[in-house]
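Q: just coords:
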Ligand SMILES: [Fe+2]
Ligand SMILES: [Fe+2]
């Protein structure tokens, strides 16, 4: 790997994190009634997304869709089998309850993502169309529901009305 390929990977990671960090900062500014600042954070966040996508494309990180789904399955599977179990154990060992819950919620949602991607890949391989459906995502734990939001999130108990529809 050339130094520039390494730099693209590192810039992609940094810009991706900056995007999420700025969106969280924007939300906080809104909660504090500072809408002007909130918007500045969203403007910067959107630019960081453009940079992250440019870097990813230029490191050949975006392939054809079937291959991208394979990459997604590999990522989710690694998080489920390797990353989160170790992180959960360590959080328990260190008595960090908040981190443990954060990891537990994530691993349970990653399993749903893994299944969604596996089902989509199976359809593509069978030359079938993956039909567009309605989806709702829990704003607390990330749980995705198809067709309709559940009365209460099966992972964290959040109420139906708070789920966000993915457009
Ligand atoms: Fe995931
Ligand atoms: Fe949830």
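A: Sure, I can see it. Remember, it's a predicted structure, so these values are computed and weren't measured experimentally. Numbers count the residues shown, from 1 in each chain. Ligands and ions are numbered 1, 2, ... in the order given.
Q: Next to ligand 2, which bits of this protein? Give me the list.
A: 138, 140-141, 143, 153, 155-156, 158 (CB under 5 Å from the ion). Just so you know, the C-beta spots here come from the backbone N, C-alpha and C atoms, and that holds for glycine as well.
Q: how close does residue 96 get to residue 39?
A: Computed with CB to CB, to the nearest Å, the distance linking residue 96 and residue 39 is 34 Å.
Q: sorry, back to before: between the residues of the chain next to ligand 2, identify the one with the most neighbours.
A: Highest neighbour count within the residues of the chain next to ligand 2: residue 138, with 25 neighbours (other CB atoms under 10 Å).
Q: before we move on, which element is the closest residue to residue 104 other than its chain neighbours in?
A: Distances taken as CB to CB, 6 or more residues apart in numbering put residue 88 closest to residue 104, at 6.3 Å, once the chain neighbours are dropped. Assigned by DSSP states H and E, residue 88 falls within helix 84-93.
Q: Is there proximity between stretch 55-71 and ligand 1?
A: No. Remark: stretch 55-71 sits outside contact range of ligand 1, by CB under 5 Å from the ion, the gap being at least 12.1 Å.
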